[in-house]
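> mind folding the following:
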Amino acid sequence: MSTSNPVPPSPQRTLSAVDLALAGMAFVWGVNFTVVKTALAELSPLAFNALRFSLASLLIMTALWLVEKNVRPDSGDGWRFLVLGLVGNAGYQFLFINGLHRTTSGNGSLILATIPVFVPLIGTLLRIERIGARAWVGIFLSFAGIALIVLGCGEEVGLAGETTAGNLMILSAAMLWAGYTILSRSLLAHYSPLKVTALAMSTGTPFIVLYAIPALREQNWGAVSWQGWGGLAFSSVLAIALAYVVWNLGVSRVGGARTAVYSNLTPVVATFTGWLFLGEAITLWVIGGAALIFTGIYLTRT
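From the prediction side, this is the model:
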């Protein structure tokens, strides 16, 4: 068992280094939508996912060994990490990567922003986590900000037509990630965020590789450019290995609901990234939505 003793989640009146790390995580995830969409133009979704999770698992297990010198769970906890890996890695990633391939990056980032709604709902239903009225107001404001951004995206974002299947897959992925967040709470009470992330990822990755075998065989590797490989590296190292540790760190320190609300920053970053690199327009609706999201995050965290 890890010697790390995470601080019990509690409302704090000031923002901390954990908040900065979570904001950085949301920034990386926002950029990652554009990166992944670009990489999927050259790599099949399942092949891309198998490669990035294999690399991320290798990196994070190496980090765990270097930091804690122990990569094994306690007796009786192996099945709990297996469930966590199936829910938050194999299941979530199958739905996420295939859903994103079938919808727009804007749709994907906005639909995943429902995670802060599902986390407290599931946590409350299971009586795992309780949050106060102030936090619920913050969640509501953040979600209202997402709604404004949806309105500001015009025809680029929608839930009908050819993107419907992808949208539904992303929504299902959001529910699974919320479940992963809630299920990880009990393990984070006994293990470090690094160990929980590493063991859950290492148990989920073999399943990701298994259902990607046909795609790996059919992939035209010679057609992958340096942009494709660069996107794979960015997504593996930053958006998976590092960001997953930061997420679990947030869950252990400030709670699942307060951590989840930071994911509402992701569509803001994705929108501004689209403006910088793809020439997409930013409207007053988007600016207003971003302001509501930041206000909601502050209220939820304090």
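> and the gap between residue 184 and residue 88?
As judged by Cβ to Cβ, to the nearest Å, residue 184 and residue 88 stand 7 Å apart. Yep, even glycine has a C-beta here, placed from its N, CA and C like the rest.
> where do the contact lists of these two overlap?
Common neighbours of residue 184 and residue 88, using Cβ atoms under 8 Å, 6 or more residues apart in numbering, are residue 200.
> hmm, residue 248 is touching residue 185, no?
No. Judged on Cβ atoms under 8 Å, residue 248 makes no contact with residue 185 at a distance of 9.7 Å.
> which one's more surrounded, the two?
residue 248 (28 against 19; other Cβ atoms under 10 Å).
> got the contact list for the more buried one?
Residues in contact with residue 248 (Cβ under 8 Å, 6+ apart) are 184, 188, 193, 194, 196, 197.
> could you point out which element follows the helix or strand containing it?
Using DSSP states H and E, residue 248 falls within helix 243-254. The C-terminal neighbour of helix 243-254 among helices and strands, as given by DSSP H and E, is helix 256-260.
> sec struct for the nearest residue to residue 244 once chain neighbours are set aside, please.
Closest residue in space to residue 244, ignoring its immediate chain neighbours: residue 197 at 4.7 Å, by Cβ to Cβ, 6 or more residues apart in numbering. Put simply, residue 197 is helix when judged by DSSP: H, G, I helix; E, B strand; the rest coil.
> residue 197 reaches residue 245, doesn't it?
Yes. Shown here, residue 197 and residue 245 form a contact pair, counting by Cβ under 8 Å, at 4.8 Å.
> who has more neighbours out of the two?
residue 197 (32 against 23).
> residues contacting the more buried one?
Contacts of residue 197 (Cβ under 8 Å, 6+ apart): 60, 244, 245, 247, 248.
> just residue 53 next, same as before
Per Cβ under 8 Å, 6+ apart, neighbours of residue 53: 89, 93, 201, 204, 205, 208, 209, 236, 240.
> hmm, which of these are the buried ones?
Burial by neighbour count, 16 or more other Cβ atoms under 10 Å: within the contacts of residue 53 this picks out 89, 93, 201, 204, 205, 208, 209, 236, 240.
> what's the closest non-adjacent residue to the second one?
Think residue 93. Closest residue in space to residue 93, ignoring its immediate chain neighbours: residue 49 at 5.5 Å, by Cβ to Cβ, 6+ apart.
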